[in-house]
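1. Sequence first, then the predicted structure, then my questions.
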Amino acid sequence: MWILYISCSWVAGIFLGSKASFTVLYFITAFLPLYFLSILPKFRSDLITVSLCLVAFFGGALYYTSTLPQIGEHTLQFYNDKGELQFHGMVAKEPDIRDNYCLLTLSVSGIEATNGEREVSGTALIRTNRYPSYRYGDILSVTGKIEIPSAFSDFDYRSYLSHQNIYSIVNYPEIEMLDRGQGSSFFQRLYLFREHLSASINRFLPEPQASLAQGILLGIRGNIPDQLYHQFSITGTAHLLAISGLHISIIIIIFFGISIFIIGRQSSFYIWVVLLVTWLYALLVGMRPPIIRAATMATLFLIAELLGRQRSAITALAFAASVMLAINPQILWSSSFQLSFTAMCGIIFLYPHFYRLGNKGIIALLAENNKIIAAGNVMVTSFAATLAGIMAIWPIAAYYFQIISFVALPANLFALPALPFILVSSALVSISGVFFPFAATIFGWISWLSLSYLLLVIQSFATSRFCYLESNHISTLQIWLYYIILTIVLVIFNNRKQIHHFFSKKIPRLHDNE
């Protein structure tokens, strides 16, 4: 449990470090509990744990402060809103290609100032035309106005970009190519392979199935039509388009089975194969917060399997959060991070109760038919997991996306069974399209069928009456109140026997006094 306590302390420290300033003196006080080790030897382990938690807490607060940008002449942010300037840098990520434009993440290394070229550091988001096309590792010379990101009335775009350490944007500048292939050779090969996979899907699947497969399998969502994306949003199924823990889990289960079948359980080598595949897939689709969280949790699970010491899921989740915040503290305020973790918390804390209640209902209705009970349990599992996730995330989703979907539960129940088939068939199409085009044609029909089923489900629920409600007035106070009430209800429900036993003792005593 000490990992859970330390991880939570680190996360709490980063959060409070954004609200108040802490000095190194606070960090020194973290070692005060160690003073009592000789005085209270019976509490040795508790005192050490408290000290480690305080170290993590104050360390997290100081670490957050240290990661804040220090604006000066050698930082790109210093040149925001200072007219047209010329600067150069490297495309640090795969371009985000949309319908009518392209977004480039440029790691800037130099700028032309009034007194000559000056070295600077910082990241700029550049909006430009789709053509000519650019790639990761390209060195570009850019001439345009460096601006502060705007904060719209319905979306804090500035805050959204700051969580990615981006504080400057440039709209449709003049761009000159200086060099190519200057990034990591590993990532260049990986992104090139991703392009080949995407091209295979385009070649062997029609639209909109091709765009849907690219989004679900490879995380390339720029080609999905806006109307279709809106339908996924209002039906509460937009998470299917974002690579998340659900996708990673399916990949792990598939390769777990394949590795055991080929290698066997006698050797632990099958675990390392699954670990390698997990992180390669995470790198391929982009290391976004839900993907890092899922891959980190998978790593903990697999290492625990290797050591024969499975632990609590909440411990793994908390440790994954602390690792992600150590990489980038700003993602604590990212909507994807918050949605991903609340969904996992919902599954950890709510799913067992929903499953138990559903299972009791199935057994009560079908007490004599074991085969139907087994099939019913599959439905109960799907229903319980979906309901747990929806109950956990809906206030945050309504706050960020201003939509409350009334069909999210049935839409997910019908849509989720298609996801494994889509992932497997789309992967077979993309890979065989590169090496065995004839086989890709056959796999393409299977993939088209599963993708078409998903489209039918989404479009059917999206056109139903009273599908969703716009929610423009949800406050953070209301969200906190919802989670406090939900926590109290869970605590009471989990300790109902002790509470009943306590009151059953008290009530007779009251009667005796009378």
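-> Arrived safely. Everything quoted here is computed from the prediction, not taken from an experiment. Numbering: from 1, shown residues only.
2. Next up, the contacts around the closest residue to residue 245 other than its chain neighbours.
-> Leaving aside its chain neighbours, residue 245 sits nearest to residue 294 (3.7 Å; criterion: CB to CB, 6 or more residues apart in numbering). In this view, the C-beta of every residue, glycine as well, is placed from N, C-alpha and C. If you count contacts by CB atoms under 8 Å, 6 or more residues apart in numbering, residue 294 has them with 244-245, 247-249, 282, 340.
3. mean confidence for the longest helix anywhere in the chain?
-> For the chain, the longest helix by residue count, based on DSSP state H, is helix 370-401. For helix 370-401, mean pLDDT rounds to 76.
4. list the helices and strands it packs on?
-> Packed against helix 370-401 by the contact rule (3 or more CB pairs under 8 Å, 6 or more residues apart in numbering; DSSP states H and E) you find helix 335-349, helix 351-365, strand 403-405, helix 408-415, helix 476-494.
5. ranking these by mean pLDDT, which is last?
-> helix 351-365 has the lowest average pLDDT among the helices and strands packed on helix 370-401, namely a mean of 78.
6. and residue 464, that one's in a helix?
-> No - read with DSSP: H, G, I helix; E, B strand; the rest coil, residue 464 is coil and lies in no helix.
7. out of everything not next to it in sequence, what's closest to it?
-> Nearest residue to residue 464 in three dimensions, chain neighbours excluded: residue 407, at 6.2 Å (CB to CB, 6+ apart).
8. I'd assumed residue 237 was in contact with that neighbour.
-> No - counting by CB atoms under 8 Å, residue 407 sits too far from residue 237 to count as a contact (9.1 Å).
9. hang on, the earlier thing: please work out the angle formed by the directions of the longest helix of the chain and helix 476-494.
-> If you take axes from the mean of the first three to the mean of the last three CA atoms, to 10 degrees, helix 370-401 sits at 150 degrees to helix 476-494.
10. Count the neighbours of the residue nearest to residue 464 for me.
-> Look at residue 407: counted by other CB atoms under 10 Å, it has 20 neighbours.
11. Next: the one 5 residues further on.
-> With neighbours defined by other CB under 10 Å, the count for residue 412 comes to 25.
12. Next one: the nearest residue to residue 349 once chain neighbours are set aside relative to residue 54, how far apart?
-> Take residue 349 and drop its neighbours on the chain: the residue closest to it by CB to CB, 6+ apart is residue 490, 6.0 Å away. Distance, residue 490 to residue 54, using CB to CB, to the nearest Å: 28 Å.
13. Which one of those two is surrounded by more residues?
-> More crowded of residue 490 and residue 54, by other CB under 10 Å: residue 54, with 20 against 13.
14. tell me the contacts of the closest residue to residue 75 other than its chain neighbours?
-> Spatial nearest neighbour of residue 75, excluding adjacent residues (CB to CB, 6+ apart): residue 122 at 5.4 Å. Residues near residue 122 by CB under 8 Å, 6+ apart: 69, 75-77, 108, 167-168.
15. and these as TSV, adding secondary structure, pLDDT and neighbour count?
-> Below are these laid out as TSV (DSSP: H, G, I helix; E, B strand; the rest coil; pLDDT from 0 to 100; neighbours: other CB atoms under 10 Å):
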residue	secondary structure	pLDDT	neighbour count
69	coil	76	14
75	strand	87	17
76	helix	88	25
77	helix	87	19
108	strand	91	24
167	coil	88	21
168	strand	90	24
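16. and of these, the nearest to residue 396?
-> Of all those, residue 396 sits closest to residue 167, with 24.9 Å by CB to CB.
17. Next, give phi and psi for the closest one.
-> The phi/psi pair for residue 167 (degrees, to the nearest 10) reads phi -120, psi 0.
18. Wait, it touches residue 157, no?
-> No - checked against CB under 8 Å, the pair residue 167 and residue 157 is beyond contact range at 11.8 Å.
19. and residue 93, helix, strand or coil?
-> Secondary structure for residue 93, judged by three-state DSSP, is coil.
20. where along the protein do the strands fall?
-> Along the chain, the segments classed as strands by DSSP state E run 84-91, 96-97, 102-113, 116-128, 139-145, 168-171, 174-179, 403-405, 468-470.
21. Select, out of those, the one closest to residue 440.
-> Closest to residue 440 of these is strand 96-97 (CB to CB; 22.9 Å).
22. So what are the sheet partners of the closest one and their directions?
-> Here strand 96-97 has these sheet partners by DSSP bridges: strand 102-113 (antiparallel).
23. quick one, the partner strand and strand 174-179 angle?
-> Using the same axes, to 10 degrees, strand 102-113 lies at 90 degrees relative to strand 174-179.
24. what's the distance between strand 102-113 and the middle of its chain?
-> 27 Å (CA atoms, centre = their mean, to the nearest Å).
25. Show me what counts as buried in it.
-> By neighbour count on 16 or more other CB atoms under 10 Å, the buried set for strand 102-113 is 102, 104-106, 108, 111, 113.
26. which one among those residues gets closest to residue 322?
-> Closest to residue 322, out of all of these and judged by CB to CB, is residue 105, at 25.6 Å.
27. so that closest one makes contact with residue 127?
-> No - the pair residue 105 / residue 127 is not scored as a contact, 11.2 Å apart, by CB under 8 Å.
28. Give the residues shared as contacts by those two.
-> By CB under 8 Å, 6+ apart, no residue touches both residue 105 and residue 127.
29. beta partners of residue 102?
-> Beta-bridge pairing for residue 102 (DSSP bridges): residue 97, residue 128.
30. Contact partners for it?
-> By CB under 8 Å, 6+ apart, the residues touching residue 102 are 95-96, 127-130, 133-134.
31. please redo it, this time with the cut-off set to 6 Å
-> By CB atoms under 6 Å, 6 or more residues apart in numbering, residue 102 lies in contact with 95, 128, 130.
32. Name the nearest of those residues relative to residue 63.
-> Distances from residue 63 to the contacts of residue 102, taken by CB to CB, are shortest for residue 95, at 31.2 Å.
33. re earlier: closest to residue 476 out of the strands of the chain?
-> Closest approach to residue 476 among the strands of the chain (CB to CB): strand 403-405, 16.5 Å.
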